[in-house]
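Engineer: this is the structure alone, sequence omitted:
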């Protein structure tokens, strides 16, 4: 994600937040870069927990005797719950210490993954995924605004980028590692390992974060009022189309690669690793581009993403796994820039209400994850592997049109030098 410094009203809003989090010397009371690193580990952990089933859908479905589409509900439900939990928890936690809240949410995630590891049926697994959604939505929403309280002002942009690098790193390391553990010890072992990681990160947050009493509270009226701004609405539509399209196809990338390219389990892990590495690069490349022009960055992202998704079946059929894997890497490069570019768009569209805009962003993003995996599941069960690709690619193409003609912000927020 990209932090911003803006003039006028935005400076007044930010100044009020900083006043509540600084000591007499005017410097942040925060825990510095170790605390920022702990938050990055938290975002890595929550996204890995959310996405863990992606590389394990086939063994989960086989063991629990359900279809790929039904197994995909483990992602649908998590995203749906997180979409509700993010704004609701932001409103409910009020002035509670953010360190305490984050540690409690990490404990919920640890328990959820452990419950999933011992699930005796799809119902128990889905209950565990509800808890994952609660933990994920809360951690993501709270972590978004903490950089300003942890490092000096000139380092806030770099700290915020580091916190959210955990999202991209989850694709590079978390999902492929979970897939590998699942191949070696079974899918239940992957969830057990994830529970241990969540507990360790929760402990790190307790040790490394300083006390973080609330600097202020987000109001419901402030969140809903942003929907009246056309650039904000356009940004949220872009988030919805891109994320729904991506997850409609990516949730079922394993069965797609197995069907169109004859990929083996080992090759699936390789393709997911390539996706993640490319996504991490895309995060930084797109972030720099979005700082100059969010619209231009998103036009490029949409074009590359739509082409990569739609070409997987024909190229995979003609060139086999190598061709399909190359397109999956291009897919990752484009999708890696979605979060930072859409967040930049929204911050530029609402520079005076960053916390409220972030709450909407997280809600729409996670709702789109749920909708995408649900729609993809129906397409997978009804139309097969080709159906999820056409659905996902079509939604991304619609995002391309929206980015081209929708009302955009006047300019991107200025990024500070690290």
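Structural biologist: That came through fine. Keep in mind that this is a model prediction, so the values were computed, not measured.
Engineer: output the lowest mean pLDDT helix or strand found in this structure.
Structural biologist: Ranked by mean pLDDT, DSSP states H and E, the helix or strand of the chain with the weakest confidence is helix 9-21, at a mean of 39.
Engineer: wait, residue 118 sits on residue 187?
Structural biologist: No. With contacts counted by Cβ atoms under 8 Å, residue 118 stays clear of residue 187, the gap being 11.9 Å. For the C-beta atoms, the positions are set from N, CA and C on the backbone; glycine is no exception.
Engineer: the more surrounded of those two?
Structural biologist: Set residue 118 next to residue 187 and count neighbours by other Cβ atoms under 10 Å: residue 187 wins out with 27 against 12.
Engineer: wait, residue 251 sits on residue 375?
Structural biologist: No. Residue 251 lies out of contact with residue 375 (Cβ under 8 Å); the separation is 9.5 Å.
Engineer: out of these two, which sits in the more crowded spot?
Structural biologist: Ranked by neighbour count (other Cβ under 10 Å), residue 251 and residue 375 place residue 251 first, with 32 against 23.
Engineer: give the contact list for that one.
Structural biologist: The contact partners of residue 251, by Cβ atoms under 8 Å, 6 or more residues apart in numbering, come to 54, 57, 72, 75, 372, 373, 376, 377, 388.
Engineer: dihedrals phi and psi, the fourth one?
Structural biologist: Per-residue torsions, residue 75: phi -90, psi -40 (degrees, to the nearest 10).
Engineer: what about it, how many neighbours?
Structural biologist: 29.
Engineer: relative to residue 290, how far out is it?
Structural biologist: As judged by Cβ to Cβ, to the nearest Å, residue 75 and residue 290 stand 27 Å apart.
Engineer: again, but for the third one
Structural biologist: Here the distance between residue 72 and residue 290 works out to 30 Å (Cβ to Cβ).
Engineer: which of these two has more residues huddled nearby?
Structural biologist: Neighbours were counted for residue 72 and for residue 290 using other Cβ under 10 Å; residue 72 has more, 31 against 28.
Engineer: grab the nearest non-local neighbour of that one.
Structural biologist: Spatial nearest neighbour of residue 72, excluding adjacent residues (Cβ to Cβ, 6 or more residues apart in numbering): residue 377 at 4.1 Å.
Engineer: can you give me the strands for the stretch 101-250 of the chain?
Structural biologist: Here the stretch 101-250 of the chain has no strands by DSSP state E, counting those that start in this stretch.
Engineer: so where is it shaky, pLDDT-wise?
Structural biologist: 144-145, 156-158, 160, 171-172, 214-222 (pLDDT under 70).
Engineer: where do the helices of the stretch 151-300 of the chain begin and end?
Structural biologist: Assigned helices in the stretch 151-300 of the chain, in chain order: 156-169, 175-185, 187-208, 220-225, 230-250, 253-261, 265-292, 294-335 (criterion: DSSP state H, counting those that start in this stretch).
Engineer: out of those helices, which gets nearest to residue 109?
Structural biologist: helix 187-208 (4.3 Å; Cβ to Cβ).
Engineer: buried residues of the closest one, list them for me.
Structural biologist: By neighbour count on 16 or more other Cβ atoms under 10 Å, the buried set for helix 187-208 is 187-188, 190-195, 197-199, 201-202, 204-205, 208.
Engineer: same deal with stretch 245-265?
Structural biologist: If you call a residue buried by 16+ other Cβ under 10 Å, then stretch 245-265 has these buried ones: 245-261, 263.
Engineer: next, count neighbours for residue 270.
Structural biologist: Residues lying near residue 270 (other Cβ under 10 Å) number 16.
Engineer: pLDDT score for it?
Structural biologist: On pLDDT, residue 270 comes in at 85.
Engineer: for the remainder of this discussion, apply numbering that starts at 753.
Structural biologist: Yep, numbering from 753; the last one is residue 1022 now.
Engineer: check contacts around it.
Structural biologist: residue 1077.
Engineer: how near is it to residue 927?
Structural biologist: Taking Cβ to Cβ as the measure, residue 1022 falls 12 Å from residue 927.
Engineer: hey, what's in contact with both of these two?
Structural biologist: By Cβ under 8 Å, 6+ apart, residue 1022 and residue 927 have no common neighbours.
Engineer: now stretch 1080-1090: average pLDDT?
Structural biologist: On average, stretch 1080-1090 scores 91.
Engineer: what's the answer for stretch 807-826, then?
Structural biologist: Mean predicted confidence for stretch 807-826 is 85.
Engineer: thinking again about what came up before, quick one: contacts for the residue nearest to residue 824?
Structural biologist: Here residue 1129 is in contact with 820, 821, 822, 824, 825, 828, 1003, 1004 (criterion: Cβ under 8 Å, 6+ apart).
Engineer: likewise for residue 802?
Structural biologist: With Cβ under 8 Å, 6+ apart, residue 802 has these contacts: 827, 830, 831, 834, 884, 885, 888, 1121.
Engineer: which strand or helix spans the spatially closest residue to the last one that is not a sequence neighbour?
Structural biologist: Across the structure, with Cβ to Cβ, 6+ apart as the measure, the residue nearest residue 1121 apart from its sequence neighbours is residue 831 (3.1 Å). Per DSSP states H and E, residue 831 falls inside helix 825-844.
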